[in-house]
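Enquirer: here is a sequence with its predicted model. Questions after.
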Amino acid sequence: MEETNFETIAERSGISAEEIKKIEVGTVSGKQRRIGEFDWEQARRAASINGVTDIALTFADYIDIANRKARRFEDLTSETRAFIEEVERVTNAHVSLIAKDFGKDAVMIDRRTWR
């Protein structure tokens, strides 16, 4: 994993670094979390070893804050849809659930076909 920092994610996503710092706190320890870039090789290996068939993707808003308004896959930014398609290609698994924000009003995008 290549570690990154809150400012880099803030610049990329449009979310303030202060908001990200508030989100990235351990629920048990209360300590600030470390964050890293998406690791394509680790995702490929984990999917292969575990025989994954579906993926739940979180933090789509870290790609672009505009994703917080999305209610359907088609509402996500083109960059986010391309990222999801690449995750599916690399892992050979369907990204079925997409979380694009957190909190009591958070809405999960559900793409499951097997419900």
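Expert: Thanks, I have it.
Enquirer: starting at the chain centroid, how far to the longest strand that the chain contains?
Expert: For the chain, the longest strand by residue count, based on DSSP state E, is strand 94-99. In terms of CA atoms, centre = their mean, to the nearest Å, the centre of strand 94-99 is found 9 Å from the chain centre.
Enquirer: that one - contacts with which helices or strands?
Expert: strand 54-57, helix 78-91, strand 108-110 (3 or more CB pairs under 8 Å, 6 or more residues apart in numbering; DSSP states H and E). (C-beta placed from N, C-alpha, C; glycine too.)
Enquirer: now tabulate the ones you listed in JSON lines and tack on mean neighbour count.
Expert: Formatted as JSON lines, the helices and strands packed on strand 94-99 follow (neighbours: other CB atoms under 10 Å):
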{"stretch": "strand 54-57", "mean neighbour count": "16"}
{"stretch": "helix 78-91", "mean neighbour count": "15"}
{"stretch": "strand 108-110", "mean neighbour count": "15"}
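Enquirer: same list, these, but as a markdown table with distance to F102 and mean pLDDT please.
Expert: Output for the helices and strands packed on strand 94-99, formatted as a markdown table (distance: least, CB to CB, whole Å; pLDDT from 0 to 100):
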| stretch | distance to F102 | mean pLDDT |
| --- | --- | --- |
| strand 54-57 | 13 | 96 |
| helix 78-91 | 16 | 98 |
| strand 108-110 | 11 | 94 |
